[in-house]
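In: This is a predicted model, with the sequence first.
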Amino acid sequence: MSVFSRYWKQFFTSEMIESIISKSISLIILVICFYIGKWVLQFLVHHIINRVLMASKVDDKRRETLLKLFQNLLNYLLYFLLIYSILITLGVPVSGLLAGAGIAGVAIGLGAQGFLTDVVNGIFILSERQLDVGENVVLGSIDGIVTRVGIRTTQIKDFDGTMHFIPNRNITVVSNLSRFPIRARIDIPIYPNTDISEVRRVIEQVNQEETSHYPKITKAPEILGITTLSNGQLVFRIDIFAQSGFQLPIEYTFYTLYQKALTKEGVFKEGELPLPHKQ
């Protein structure tokens with residue numbers, strides 16, 4: 001016990017214990033003030049920028065994108081100030097660290113090239129308005145809804161629920177499916193001896209009766225007529241343009257309506273739909 005007491009007195013003097021307690025209390029107060037100030041600043045910035053954007057008549061998706069961007073930038077700044085304040089409180093020579101950073105600047109610069117590329121590409125994506133939060137986009141092999149557009153990364157939520165975090169430097173081609181109506185293409189298989197005029201009549205009748213019931217359809221269906229698929233199957237093709245995100249439900253719905261009407265009118269026999277031709 002005497003050895004432990006001497007060790008304790010040597011390394012844990014009363015001044016050191018007081019310093020540890022004082023710095024611990026200071027850190028606790030600093031963290032509490034940080035989170036309170038962060039909440040207040042985020043609240044003020046959100047409402048001020050939101051009012052400015054609304055006065056500028058920016059649409060909802062663009063406004064949400066810019067709000068999240070400013071929120072992210074504010075978070076980066078606040079956390080930098082928090083780390084700086086913690087180091088100052090602990091007595092770490094921050095000025096010396098900043099001076100030393102110049103010595104390691106080359107090594108850090110090499111590692112930061114990707115980060116800078118992310119930032120530059122992110123600025124162009126935002127300034128050119130290639131995508132906004134809530135839009136349906138395709139980025140390479142990823143297809144989903146934009147949930148967040150940041151300076152460094154872009155978040156895409158896939159339709160199966162998967163969240164993708166994509167560095168902005170990896171975004172080379174943006175296919176935005178939300179800016180204009182999307183085509184729903186319907187190919188109805190037919191026999192070579194099918195009465196085409198009767199098929200057209202039935203389809204036109206379905207279009208006249210059903211199109212008005214689906215407000216997501218942006219214009220009247222276009223009946224293109226007969227064509228051949230790559231497997232040799234004859235099909236009767238119809239194009240329907242619908243609002244983005246509703247093209248697949250419209251395609252499935254009208255394919256079913258067409259098939260039922262063609263079967264009911266006797267163009268096809270019940271349960272005997274045409275099969276692809278073998279090449």
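Out: Sure thing, it's come through.
In: contacts, neighbours, all on C-alpha from now
Out: Fine.
In: where along the stretch 101-250 of the chain do the helices fall?
Out: 105-127, 196-210, 247-264 (DSSP state H, counting those that start in this stretch).
In: Below-threshold pLDDT in the stretch 51-200 of the chain: ranges please.
Out: Scanning the stretch 51-200 of the chain with the threshold set as pLDDT under 70 gives 53-59, 61-62, 92-114.
In: at 80 instead, please
Out: Where the stretch 51-200 of the chain drops to pLDDT under 80, the residues are 51-76, 84, 87-116, 118-119, 123, 126-128, 150-151, 178-179.
In: related to what we said a few turns ago, redo the helices of the stretch 101-250 of the chain as TSV? Include distance to Arg51 and mean neighbour count.
Out: Listed next are the helices of the stretch 101-250 of the chain as TSV, based on distance: least, C-alpha to C-alpha, whole Å; neighbours: other C-alpha atoms under 10 Å:
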stretch	distance to Arg51	mean neighbour count
helix 105-127	20	15
helix 196-210	42	15
helix 247-264	34	17
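In: Please name whichever of these is nearest to Asp143.
Out: Asp143 lies closest, by C-alpha to C-alpha, to one member of the helices of the stretch 101-250 of the chain: helix 247-264, at 14.3 Å.
In: so that closest one versus helix 196-210, what angle?
Out: Orientation check (axes from the mean of the first three to the mean of the last three C-alpha atoms, to 10 degrees): helix 247-264 against helix 196-210 gives 120 degrees.
In: hmm, back to that, out of the helices of the stretch 101-250 of the chain, the one nearest Thr172 is which?
Out: Taking C-alpha to C-alpha, helix 105-127 is the member of the helices of the stretch 101-250 of the chain nearest to Thr172, at 9.2 Å.
In: quick one on the thing from earlier: of the helices of the stretch 101-250 of the chain, which is nearest Tyr76?
Out: Counting by C-alpha to C-alpha, Tyr76 lies closest to helix 105-127 out of those; the figure is 13.1 Å.
In: I'd like to know which elements the longest helix belonging to the chain is packed against.
Out: The helix that spans the most residues within the chain, counting by DSSP state H, is helix 14-55. Where contact means 3 or more C-alpha pairs under 8 Å, 6 or more residues apart in numbering; DSSP states H and E, helix 14-55 is packed against helix 60-90.
In: Go through the helix it packs on and flag the buried ones.
Out: Residues 62-72, 74, 78, 82, 85-86 are the ones in helix 60-90 that count as buried (16 or more other C-alpha atoms under 10 Å).
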